Each structure stands twice: as C-alpha cells, then as structure tokens.
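Colleague: just the structure for this:
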Amino acid sequence: MSEVKTFIITGKIKKPGGDIPFSKKIIGIKQKQVEEKLYCELGSKHKAKRFQIDITKIEEEKPSSKKDTAAKK
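Modeller: The predicted structure is shown next:
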C-alpha cells in the first residue's frame, strides 16, 4: 500500500472577466493523481477548461508532529 499524502496546490484560473487565484489542499497518493483531481474539481465548479487552469506550485504538506486527538475519541 502507498502512503496517502496531502498536497497544497496554488495557481490561477484564466477567465475572460479576469484571473481567479486559488490555493487548494487535496489528498492523494501521487502528484499526478492530485493534479487530475484539481482539474476535475475546478473545471466543475468554475466551468474552466484544462488550458484555463494554470498551476504555479504543487508542494507536499509536511505531516504535523501533534497526534490527532479527534481520532482517539
């Protein structure tokens, strides 16, 4: 099994009315999988085609050192 990671993706959507900046956290196994999910979500929500979505940065979120207390309850 592969480890599930959280990625932070930033960029902008190029629309005729102006650019829409975005920053989104998406969970996935590989970077390519996360990119596809982003295209799907933003395309659905903003009616944007893939060529209109400009990804500027994809970085893996560092896992926090604190344990999740909600999981214990």
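Colleague: can you give me the helices in this structure?
Modeller: 31-46 (DSSP state H).
Colleague: could you list the low-pLDDT ranges of the chain?
Modeller: Applying pLDDT under 70 to the chain flags the ranges 1, 65-73.
Colleague: what about the spatially closest residue to K49 that is not a sequence neighbour, how many neighbours?
Modeller: Among residues not flanking K49 along the chain, G43 sits closest, at 6.8 Å (C-beta to C-beta, 6 or more residues apart in numbering). Backbone N, C-alpha and C define where each C-beta goes, glycine included. Neighbourhood size, G43 [other C-beta atoms under 10 Å]: 15.
Colleague: list the contacts of G43.
Modeller: 49-50, 53 (C-beta atoms under 8 Å, 6 or more residues apart in numbering).
Colleague: ditto for V4
Modeller: Contacts of V4 by C-beta under 8 Å, 6+ apart are 27-29.
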